[in-house]
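**Student:** the following comprises the amino acid sequence and a computationally predicted model.
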Amino acid sequence: MVKGKNTNSDLMEKITALARSRGFVFPGSEIYGGLANSYDLGPLGIELKRNIKNLWWKTFVHERADIFGMDANVIMSTLIWEASGHLKNFNDLLLECKGCHTRYRADELETEECVNCGGKEFTKPAQFNTMFKTNLGPVESKENTVYLRPETAQAMFVDFPEIQRTTRAKLPFGIAQIGKVFRNEITPGNFIFRLREFEQMEIEYFIAPPESKGDWEKHFEAWLGEIRRWNKMVGIDSKLVEEVDISAKERAHYSERTVDIEFKYPFGQKELYGLAYRTNYDLKAHQKQSGKTLTYKDLKTGREVLPHVIEPSFGVERTMLAVLISAYFEQEITSAKGEKDTRVVMRFPKEIAPYKVAILPLSDKPELIKVAAKIRDELKGHFSLDYDVTQSIGKRYRRQDEIGTPYCVTVDFDSLEDKKVTVRDRDTMEQERIGINKLGEHLEDKLGLQKQ
RNA sequence: GCGGGCGUAGUUUAGUGGCAGAACGUGACCUUCCCAAGGUCGAGGUGGGAGUUCGAUUCUCCUCGCCCGCUCCA
């Protein structure tokens, strides 16, 4: 392993080059010269992303009795954004120091002097609206202005009563949602780290208020534990993760405690996930704006209470990036001819690997193709797989290593006689001969998949 | 939006005011080849526009686009 030799920017370049050349992620709108900071996912990227989202849903919704899923509109009532404060906070007046181009929020520039360079000249304040605006219906007017949601959370507050009613859930319980959000960021960048269109996986976990023995600290700690468990499952290197308690000064005004789950990306330690205790700020705000009652009836006391909320928030693309970085592994190997070479392996957890298995006929002789194609057709309903006949077997193993395929199945001339194939392990490079009739079972076992 | 950098095959790149080369990748064929780099053949390129010039990928201008930086918090 030569990770130590890499400078950080080298590693980032290697990841982006691999992502592009192998079909994980490529720049969007390319034939028209590209569109800044937009990225499209290729066949492997979408498999990885779906696997991450499915694992999250399975972990936090299916495997827990106290969390329920939902899926809201991207476009919601503008009143929601008024209540949440987004319309106000996302419409900042910004100005820039003419000397050093440092940018300030108009209402936060207390002195007349630039803190950075001491300059006294500033550009005129300009409106920076970081919410994407559009119109409902074909006629543009101020009255029908709507926004693309900048976060998924609000829908879960707004729909809290409906979900509680239909599930008959009792506190504490959570609502989970995965979906696209849109932010017209001033400064996007760093590959898929900060995007203008991205996906969030969020949970609003509703608990009894402190006066009803809600014990938010206990739930907060439990969620920290859940995030650690998730990181391990999805393949995020714990050595690269740091939990940072956000000081009262830096926290959002409504939050009593916020912990940033930060990741040491090659370009710096930056936020990966967030965990925030949001009190009852949001429900209260929506109650006020809508005039509706959003309380929950505490069955024990018979009292109506306004629940408090713990919010774990996960970025899908940031997860992908952290997983790609964590999985990247280089191994110096010496070939049979004594020449040095670097083998690149993406050591994804099996559960999120884009392809689980690659079927590789040793050569493209028709008799081998026939057997290999039959194996492929039998297995393809069970897990995602790749099938590759081009070039030498060694090259194909390398290719599968680079896209993180846990197992390669090789059909050779002996297979025609002994009805066995070689199963090769991505991480150990070890091989074993397995009977073709037992192959499916063997692989499901290896991959830890339940029998269907 | 502001400042800086940059646009040559899919990728990395060489080069020239006069036919644009290479490597890797890729396609076809040959090779019974289990851990990259065997042989033969092939496809594929100067972001766009205008100007200077006999002639521009090269020089000039414009344009388009990308990358990096400007507290954005997934």
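**Tutor:** Perfect, I can see it now.

**Student:** residue A:217 is in contact with residue A:210, correct?
**Tutor:** No - applying Cβ atoms under 8 Å as the test, residue A:210 and residue A:217 come out as separate, 9.6 Å apart. All C-beta atoms are positioned from the backbone trio N, CA, C, and that covers glycine.

**Student:** tell me where the stretch 251-400 of chain A has helices.
**Tutor:** With DSSP state H, counting those that start in this stretch, the ranges of helices along the stretch 251-400 of chain A come out as A:281-290, A:316-327, A:366-379, A:393-402.

**Student:** cool, the stretch 51-200 of chain A as well?
**Tutor:** With DSSP H, counting those that start in this stretch applied, the stretch 51-200 of chain A shows helices at A:78-84, A:86-89, A:153-158, A:160-167, listed in chain order.

**Student:** quick one: list the elements packing against the first one.
**Tutor:** Think helix A:78-84. Using 3 or more Cβ pairs under 8 Å, 6 or more residues apart in numbering; DSSP states H and E as the contact definition, the elements that helix A:78-84 packs against are strand A:145-148, helix A:153-158, helix A:281-290.

**Student:** out of the ones you listed, nearest to RNA strand B?
**Tutor:** Distances from RNA strand B to each of these were compared by Cβ to the nearest atom of the strand, and the smallest falls on helix A:153-158, at 8.3 Å.

**Student:** touching RNA strand B at all, that closest one?
**Tutor:** No - under the criterion of Cβ under 7 Å from any atom of the strand, RNA strand B is not reached by helix A:153-158; the shortest gap measures 8.3 Å.

**Student:** can you name every helix or strand that that helix contacts?
**Tutor:** Judged by 3+ Cβ pairs under 8 Å, 6+ apart, helix A:153-158 is in contact with strand A:75-76, helix A:78-84, strand A:173-182, strand A:197-207, helix A:281-290, strand A:308-315.

**Student:** now tabulate those in TSV and tack on distance to residue A:342, mean pLDDT and mean neighbour count.
**Tutor:** Below are the helices and strands packed on helix A:153-158 laid out as TSV (distance: least, Cβ to Cβ, whole Å; pLDDT from 0 to 100; neighbours: other Cβ atoms under 10 Å):
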stretch	distance to residue A:342	mean pLDDT	mean neighbour count
strand A:75-76	48	94	14
helix A:78-84	50	92	18
strand A:173-182	37	96	20
strand A:197-207	32	95	23
helix A:281-290	50	94	18
strand A:308-315	31	96	24
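
**Student:** can you redo these as CSV with distance to residue A:156?
**Tutor:** Output for those, formatted as CSV (distance: least, Cβ to Cβ, whole Å):
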stretch, distance to residue A:156
strand A:75-76, 11
helix A:78-84, 11
strand A:173-182, 4
strand A:197-207, 4
helix A:281-290, 9
strand A:308-315, 9
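
**Student:** quick one: the ones you listed as CSV, columns for distance to RNA strand B too.
**Tutor:** Conversion of the helices and strands packed on helix A:153-158 to CSV gives the following (distance: least, Cβ to the nearest atom of the strand, whole Å):
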stretch, distance to RNA strand B
strand A:75-76, 17
helix A:78-84, 12
strand A:173-182, 8
strand A:197-207, 4
helix A:281-290, 13
strand A:308-315, 3
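
**Student:** give me the low-pLDDT residue ranges for the stretch 51-200 of chain A?
**Tutor:** Counting by pLDDT under 70, the stretch 51-200 of chain A shows low-confidence ranges at A:89-129.

**Student:** thought residue A:227 was touching residue A:273?
**Tutor:** Yes - using Cβ under 8 Å, residue A:227 is in contact with residue A:273, at 6.1 Å.

**Student:** still on that earlier bit, quick check: which of the helices and strands packed on helix A:78-84 is nearest to residue A:62?
**Tutor:** For residue A:62, the closest of the helices and strands packed on helix A:78-84 is helix A:153-158, at 17.8 Å, according to Cβ to Cβ.

**Student:** who wins for proximity to residue A:440 among the helices and strands packed on helix A:153-158?
**Tutor:** For the helices and strands packed on helix A:153-158, the distance to residue A:440 is smallest for strand A:173-182, at 30.7 Å, taking Cβ to Cβ.

**Student:** give the partner strands of that closest one in its sheet and their orientations.
**Tutor:** Applying DSSP bridges to the sheet, strand A:173-182 is found paired with strand A:67-69 (parallel), strand A:197-207 (antiparallel).

**Student:** contacts for the first one next, please.
**Tutor:** Contacts of strand A:67-69 with the rest of the structure, by Cβ atoms under 8 Å, 6 or more residues apart in numbering, involve A:57, A:60-61, A:163, A:167, A:169, A:173-177, A:203, A:205.

**Student:** which bits of the stretch 151-300 of chain A sit near RNA strand B?
**Tutor:** Taking Cβ under 7 Å from any atom of the strand as the criterion, the contact residues of the stretch 151-300 of chain A with RNA strand B come out as A:151, A:183, A:185-191, A:193-195, A:198, A:200, A:246, A:250-252, A:258, A:260, A:267, A:271-274.

**Student:** so of the helices of the stretch 251-400 of chain A, which one's packed in deepest?
**Tutor:** For the helices of the stretch 251-400 of chain A, the stretch with the most neighbours on average is helix A:316-327, a mean of 23; neighbours defined as mean count of other Cβ atoms under 10 Å.

**Student:** distance from the chain centre to it, please.
**Tutor:** Here the centre of mass of C-alpha atoms in helix A:316-327, compared against the chain's by Cα atoms, centre = their mean, to the nearest Å, lies 7 Å away.

**Student:** would that helix count as contacting RNA strand B?
**Tutor:** Yes - for a cut-off given as Cβ under 7 Å from any atom of the strand, helix A:316-327 has contacts with RNA strand B, namely A:317, A:318.

**Student:** then stretch A:343-352?
**Tutor:** No - on the criterion Cβ under 7 Å from any atom of the strand, stretch A:343-352 is out of touch with RNA strand B, staying 7.5 Å away.
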